[in-house]
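Q: Any chance you could fold what I've pasted below:
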Amino acid sequence: MINAIISGIFKLIINLFNTITSPIIGAVTVLFPALGSFFIHINTFLSYALAYVSLALDLLFIPRGSIVLLFDYFITCYSIYLLVISIRFVINIYNKFKI
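A: Numbering: from 1, shown residues only. So this is what the prediction gives:
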């Protein structure tokens, strides 16, 4: 019984999300018909930006290993934080619908 209620609630949330986001997705597809070229431009921009960033790192004698460790540290911290928030959210939802 509880399983059916929870699955029904999730189906309702997914349908509401699809209903809310469908006009936004439609507007994006109308405004950006060539979305592939948009992503190509983003890729080109990132390539140029990363070339200059690597040049700046070389000029400032900053080792790439330290930058990788810094990024890994932040990715790990934010992943753990997101995991804790998600678990708290699921526990909170479970406690609200607990019979």
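Q: Next SSE downstream of the worst-scoring helix or strand of the chain on mean pLDDT?
A: One helix or strand of the chain scores below all others by mean pLDDT, DSSP states H and E: helix 2-31, with a mean of 77. Later in the chain than helix 2-31, the nearest helix or strand by DSSP states H and E is helix 35-59.
Q: List of residues touching that next one?
A: Residues outside helix 35-59 that contact it (Cβ atoms under 8 Å, 6 or more residues apart in numbering): 28-29, 32, 64, 67. In short, each C-beta sits where N, CA and C put it, glycine included.
Q: same thing but 6 Å
A: Helix 35-59 is contacted by residues residue 32 when judged by Cβ atoms under 6 Å, 6 or more residues apart in numbering.
Q: for that helix, what is the average pLDDT?
A: Average pLDDT, helix 35-59: 81.
Q: Now the element after it, going C-ward?
A: Once the chain leaves helix 35-59, the next helix or strand it forms, by DSSP H and E, is helix 64-97.
Q: how many degrees apart are that next one and helix 2-31 in direction?
A: Relative orientation of helix 64-97 versus helix 2-31 (axes from the mean of the first three to the mean of the last three Cα atoms, to 10 degrees): 130 degrees.
Q: buried ones in helix 64-97?
A: Within helix 64-97, no residue counts as buried by 16 or more other Cβ atoms under 10 Å.
Q: Please shift the residue numbers so they start at 31 in all later answers.
A: Got it, first residue is 31 now, which makes that one helix 94-127.
Q: helices and strands around it, which ones?
A: For helix 94-127, the contact count by 3 or more Cβ pairs under 6 Å, 6 or more residues apart in numbering; DSSP states H and E identifies no helix or strand as a packing neighbour.
Q: repeat that for 10 Å
A: helix 32-61, helix 65-89 (3 or more Cβ pairs under 10 Å, 6 or more residues apart in numbering; DSSP states H and E).
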